[in-house]
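[1] this one's structure only:
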């Protein structure tokens, strides 16, 4: 049985992350990946989470409080393009996770955008340590999603193969704009 793109992203991160790592959830949404990352890096590590929507930050804050991991998670209500303003040391981050699109069970008119996502990806590359991963779940079956998808694919294709490996993983025989995973590994 093949893994879904989201499950595969988790498998990759499980194989790479360790206790004490610094990681970023660039689009916290409902907090699922924030909690997933926290379980991998444990209390000795740190998860920095960002989301532009107060609703997403509130949902995530409630979830991490209920799980008792509040001290090792730092949340910021800001767009992922603001990563560079958070005083994170270059080459110190083990992983950055992105889920593009809109907040599930939220306002579908508030979406990630090509230009802000590209800023966030470029910043993430400077923060990523050697061997670190950026996972990007690309959900594009909504207005504006196709443009963001195309811009992100063009960007990752342009990365030097001497510095990065880029993987695309997804099912190609599904209908209705099936989501897919992009993974960037810093060499």
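    Okay, I see it. It should be emphasised that the depicted structure is a prediction, and the values quoted were computed from it without experimental measurement.

[2] how about stretch 150-168: buried residues?
    By neighbour count on 16 or more other CB atoms under 10 Å, the buried set for stretch 150-168 is 151, 152, 153, 155, 156, 166. C-beta coordinates here come from the backbone N, C-alpha and C atoms, glycine included.

[3] first-to-last residue distance for it?
    For stretch 150-168, the first-to-last residue distance is 13 Å (CA to CA, to the nearest Å).

[4] stretch 67-74 too?
    Across its full length, stretch 67-74 reaches 14 Å between end residues, using CA to CA.

[5] for the record, mean pLDDT for it?
    Average pLDDT, stretch 67-74: 86.

[6] next one: it to chain centre, how far?
    The chain centre lies 18 Å from the centre of stretch 67-74; the measure is CA atoms, centre = their mean, to the nearest Å.

[7] ok, residues contacting the longest strand belonging to the chain?
    Criterion DSSP state E: the longest strand present in the chain is strand 128-138. Strand 128-138 has contacts (CB atoms under 8 Å, 6 or more residues apart in numbering) with 5-6, 9, 12-13, 16, 91-101, 121, 124-125, 148-149, 152, 156, 179-187.

[8] so which elements touch the helix or strand of the chain with the lowest mean pLDDT?
    Lowest by mean pLDDT, DSSP states H and E among the helices and strands of the chain is helix 54-67, with a mean of 94. In terms of contacts (3 or more CB pairs under 8 Å, 6 or more residues apart in numbering; DSSP states H and E), helix 54-67 is packed against helix 32-41, strand 46-51, strand 73-77.

[9] that older thread, of the buried residues of stretch 150-168, closest to residue 174?
    Comparing the buried residues of stretch 150-168 against residue 174 with CB to CB picks out residue 153 as the nearest, at 17.7 Å.

[10] for the record, mean pLDDT for stretch 119-126?
    Stretch 119-126 comes out at a mean pLDDT of 98.

[11] for residue 147, which non-adjacent residue is spatially closest?
    residue 114 (5.4 Å; CB to CB, 6 or more residues apart in numbering).

[12] host element of the residue nearest to residue 183 when sequence neighbours are not counted?
    In space, and not counting its chain neighbours, residue 183 is closest to residue 167: 4.4 Å by CB to CB, 6+ apart. Counting by DSSP states H and E, the element that carries residue 167 is strand 164-169.
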